[in-house]
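A.B. asks: from the sequence below, what's the structure:
(2 chains)
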Amino acid sequence: AQSVTQLDSQVPVFEEAPVELRCNYSSSVSVYLFWYVQYPNQGLQLLLKYLSGSTLVKGINGFEAEFNKSQTSFHLRKPSVHISDTAEYFCAVSEIDGATNKLIFGTGTLLAVQP
Amino acid sequence: GAVVSQHPSWVICKSGTSVKIECRSLDFQATTMFWYRQFPKQSLMLMATSNEGSKATYEQGVEKDKFLINHASLTLSTLTVTSAHPEDSSFYICSDGDRDQETQYFGPGTRLLVL
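C.D. replies: You can find the predicted model right below:
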């Protein structure tokens, strides 16, 4: 079974500052890794994903994440945030070669960007 | 643009009534769709996997007789909350599971409020 841990429930940050949202996972099998963003009262939008290859993945809106297999982490980073980045961010995993691409989500991190 | 739509976007109903939520996969024939529930300030919890032409697969603890899922066509899955109660009030989100082998694309969600 897989599990995803997002230790920070909320991350306050000033506009134009860098930010890192942490994600650690646990799995007995190889997994795909995802970051989704959810704006208030909306569904989830895919930010980026790691399937294979380069461990540094670039996504939309200037976000990037790095897969670290030894630390079982997939932290999300952005060098300079904007007010519009304020949203809930979810890390998720799915099992490679699973019967379905069922997603297991972390509890989410609220990124609160302040002017 | 959006690849999965949901209708309605929000609904208010009286306790004891049934509510149907539609999830449509746009421009793609999805044999697999997923239904999630999200309580306020919490993560998404998978409720069931909707399989076109066959019975849905429910996650442990989800009452199949209460949350009826019908995937009668390759572009439409419906979730019916039967005899809704206030504790069923939540944000319900669907996704299509096989447009992209590894990635799920989510609908905008339906907010249900049971009075």
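A.B. asks: just to check, A:A17 is in contact with A:V81?
C.D. replies: Yes. Assessed by Cβ atoms under 8 Å, A:A17 is found in contact with A:V81 at 6.3 Å. For the C-beta atoms, the positions are set from N, CA and C on the backbone; glycine is no exception.
A.B. asks: these two: who's more crowded?
C.D. replies: Legend: neighbour count by other Cβ atoms under 10 Å in any protein chain shown for A:A17 and A:V81, higher for A:V81 (23 against 12).
A.B. asks: tell me which element the more buried one falls in.
C.D. replies: Assigned by DSSP states H and E, A:V81 belongs to no helix or strand.
A.B. asks: give the partner strands of the host helix or strand of A:V4 in its sheet and their orientations.
C.D. replies: According to DSSP H and E, A:V4 maps onto strand A:3-5. Partners of strand A:3-5 in the sheet, by DSSP bridges, are strand A:24-26 (antiparallel).
A.B. asks: buried set for the strand it pairs with?
C.D. replies: The neighbour-count check on strand A:24-26 (16 or more other Cβ atoms under 10 Å in any protein chain shown) flags A:24-25 as buried.
A.B. asks: how far off centre is that strand?
C.D. replies: Centroid displacement of strand A:24-26 relative to its chain, using Cα atoms, centre = their mean, to the nearest Å, is 12 Å.
A.B. asks: what's next to it, contact-wise?
C.D. replies: A:2-5, A:7, A:31, A:33, A:71-74, A:91, A:93 (Cβ atoms under 8 Å, 6 or more residues apart in numbering or on different chains).
A.B. asks: how about B:S73, nearest residue that isn't a chain neighbour?
C.D. replies: Leaving out its chain neighbours, the residue that sits closest to B:S73 by Cβ to Cβ, 6 or more residues apart in numbering or on different chains is B:E52, at 7.2 Å.
A.B. asks: what sits against the one you found?
C.D. replies: By Cβ under 8 Å, 6+ apart, B:E52 lies in contact with B:30-32, B:71-74, B:77.
A.B. asks: tell me the least confident of those residues?
C.D. replies: Scanning the contacts of B:E52 for pLDDT, the low point is B:A72. It has 81.
A.B. asks: remind me what the lowest-mean-pLDDT helix or strand in chain A packs against, helices and strands.
C.D. replies: None of the helices or strands of chain A scores lower by mean pLDDT, DSSP states H and E than strand A:103-105, at a mean of 90. If you count contacts as 3 or more Cβ pairs under 8 Å, 6 or more residues apart in numbering or on different chains; DSSP states H and E, strand A:103-105 packs onto strand A:3-5, strand A:87-95, strand B:44-51.
A.B. asks: re earlier: roughly how far out does the strand holding A:V4 sit from the chain middle?
C.D. replies: On Cα atoms, centre = their mean, the centre of strand A:3-5 falls 11 Å from the chain's centre.
A.B. asks: cool, and stretch A:57-76?
C.D. replies: On Cα atoms, centre = their mean, the centre of stretch A:57-76 falls 7 Å from the chain's centre.
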